[in-house]
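**Q** requesting a structural model of the entry that follows:
(one chain, ligands or ions: 2)
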Amino acid sequence: MTDAITIRRPDDWHVHLRDGAMLEAVAHYTARQFGRAIIMPNLTPPVTTVAAAEAYRQRIMDAVPEGIDFTPLMTCYLTDSIDPAEIARGHAADVFTAAKLYPANATTNSAHGVTDIRKLTGVLETMQEIGMPLLIHGEVTDGDVDIFDREAVFIERTLAPLVRDYPALKVVLEHITTADAVEFVNDASDNVAATITPQHMIINRNALLVGGMRPHNFCLPVAKREQHRLAVRKAGISGSAKFFLGTDSAPHEISAKESACGCAGIFNAPYAIETYAQVFEDEGALDKLEAFASLNGPAFYGLPVNEATITLERAENPVPATLGEGETRVVPFHAGETLRWKLAAA
Ligand code: DOR
Ligand code: ZN
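**A** Numbers count the residues shown, from 1 in each chain. Ligands and ions are numbered 1, 2, ... in the order given. As a prediction, the model looks like this:
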């Protein structure tokens, strides 16, 4: 039995670090494990300008403890009226690594998102031209589409035509939850990839509803049926370069989750790499963890892999029931459980 694994330092290709007190409270969890992270721009107000992204990047750096080598990779929040020139300027200046497409009102802080993808023609042409990845929250928001079908319908109605019309555009379908998404990404060109969260490899929709409503298992896209979890899990451990690590860690203070209208988001950052390691081990695929966590993402983004390494040791790793205090009190994914892997001190 393997008792320690050493892999290149991983990156998180999709994380919500928030701002203010919550940023201060959570940044160290991500920085402890990951060399880089793609930072989601859904703040209030959203990050839509180069200046806002530079300022936010600085606030993140200020929140990361001294001595940790961590690089936040910033993203631009796309709106109906965003100027392609601002996006190109930010990309050229190494401020915007990618741009994020939220369909309007699909999820937390997405009210300023895109109402119709046709409004992005100039933006998408520019991004294709300059090789800037488009990161997609792939759900339709139409009221007549069942929430469990929103990803599959998005793929059919929006993503398939998008990929056809912009064949050279780099596209990441974020936090995939369905067999439909796995199949679409597998069949698409090398310009199309996907991130996979720990929760979508681990829970299906029963985890939300059986035995009572469990708001801490609610995120968007919502977990689907078991057959979809199995398809996503298989894709993640497959070793395919099209799939890589993106936690979608999304902290919400406890009362915002345990509420009559609870926020979407699972806070998995504190034990993310240990959680993924457990999944890969359960699948007999620990040898594929490094590709998923540390190699495939940089290859897709055209960035070098991290030089440093991390070591995971087999050790009991109890997850507390809550973390933080007051306005930053959060319930982590796997609260109250004991994980089998532990990140060794650097
Ligand atoms: O569950 C989610 N939470 N999904 C998202 O897309 C956004 C995120 C958040 O910001 O809380
Ligand atoms: Zn997200």
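**Q** top strand in this protein by residue count?
**A** Secondary structure of the chain per DSSP state E: the longest strand is strand 309-318.
**Q** chain center to the very next helix or strand once past that one, what's the gap?
**A** Next helix or strand after strand 309-318 toward the C-terminus (DSSP states H and E): strand 338-343. Using CA atoms, centre = their mean, to the nearest Å, the mean C-alpha position of strand 338-343 is found 21 Å from that of the whole chain.
**Q** what lines up beside strand 338-343 in the sheet?
**A** In the sheet, strand 338-343 lines up against strand 309-318 (antiparallel) (DSSP bridges).
**Q** ligand 1 contacts on the stretch 1-150 of the chain?
**A** His16, Asn42, Thr107, Thr108, His137 (CB under 6 Å from any ligand atom). C-beta coordinates here come from the backbone N, C-alpha and C atoms, glycine included.
**Q** need these in JSON lines with neighbour count and secondary structure, can you?
**A** Converted to JSON lines, those look like this (neighbours: other CB atoms under 10 Å; DSSP: H, G, I helix; E, B strand; the rest coil):
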{"residue": "His16", "neighbour count": "26", "secondary structure": "coil"}
{"residue": "Asn42", "neighbour count": "22", "secondary structure": "coil"}
{"residue": "Thr107", "neighbour count": "19", "secondary structure": "coil"}
{"residue": "Thr108", "neighbour count": "18", "secondary structure": "coil"}
{"residue": "His137", "neighbour count": "25", "secondary structure": "coil"}
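**Q** mind putting the residues you listed into CSV with pLDDT?
**A** Formatted as CSV, these follow (pLDDT from 0 to 100):
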residue, pLDDT
His16, 98
Asn42, 96
Thr107, 80
Thr108, 75
His137, 97
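**Q** what's the longest strand of the chain in contact with?
**A** 1-10, 33, 271, 273-274, 277, 337-344, 346 (CB atoms under 8 Å, 6 or more residues apart in numbering).
**Q** ok, back up a step: nearest to Glu281 among the residues of the stretch 1-150 of the chain next to ligand 1?
**A** Closest approach between those and Glu281, by CB to CB: His16, at 26.9 Å.
**Q** isn't that closest one up against Gly246?
**A** No. Under the criterion of CB atoms under 8 Å, His16 makes no contact with Gly246, lying 11.0 Å away.
**Q** hang on, the earlier thing: now that we have the contacts of strand 309-318, which of them are buried?
**A** Listed as buried from these are 5, 7-10, 33, 271, 273-274, 277, 339-343; burial here means 16 or more other CB atoms under 10 Å.
**Q** now, which of those residues sits nearest Glu156?
**A** Of the buried ones among the contacts of strand 309-318, the one sitting nearest to Glu156 (CB to CB) turns out to be Pro10, at 32.4 Å.
**Q** can you tell me the closest non-neighbouring residue to that closest one?
**A** In space, and not counting its chain neighbours, Pro10 is closest to Ala293: 3.7 Å by CB to CB, 6 or more residues apart in numbering.
**Q** also Pro221?
**A** Computed as CB to CB, 6+ apart, the closest residue to Pro221 that is not its neighbour in sequence is Thr177, at 4.5 Å.
**Q** can I assume that neighbour sits in a strand?
**A** No. Per DSSP: H, G, I helix; E, B strand; the rest coil, Thr177 lies outside any strand segment and is coil.
**Q** so what's it up against?
**A** Neighbour list for Thr177: Glu151, His200, Pro221, Val222, Ala223, Lys224, His228, Val232 [criterion: CB under 8 Å, 6+ apart].
**Q** tally of neighbours for Glu262?
**A** Wrong residue type there; residue 262 is Gly, not Glu. A total of 16 residues lie near Gly262 under the criterion other CB atoms under 10 Å.
**Q** thought it was touching Ala256?
**A** Yes. At 7.0 Å, Gly262 counts as touching Ala256 under the criterion of CB under 8 Å.
**Q** pull out the buried residues from stretch 189-208.
**A** For stretch 189-208, a neighbour-count test (16+ other CB under 10 Å) marks 191-205, 207-208 as buried.
**Q** of the residues you listed, which belong to helices?
**A** Per DSSP state H, helices hold the following members of the buried residues of stretch 189-208: Pro198, Gln199, His200, Met201, Ile202, Ala207, Leu208.
**Q** now do the closest residue to Ile203 other than its chain neighbours against ligand 1, distance only.
**A** Taking CB to CB, 6+ apart, and ignoring the residues beside it in sequence, Ile203 has Ala223 as its nearest neighbour in space, at 5.0 Å. To ligand 1, Ala223 is 10 Å away according to CB to the nearest ligand atom, to the nearest Å.
**Q** and Ala223, how many neighbours?
**A** By other CB under 10 Å, the residues close to Ala223 number 25.
**Q** and it, what does it touch?
**A** Applying CB under 8 Å, 6+ apart to Ala223 gives the contacts Thr177, Gln199, His200, Ile203, Asn204, Arg205, Ala207, Leu208, Asn217, Arg229.
**Q** quick check, nearest of the residues you listed to ligand 1?
**A** Minimum distance to ligand 1 across the contacts of Ala223 is 9.2 Å, recorded for Gln199 (CB to the nearest ligand atom).
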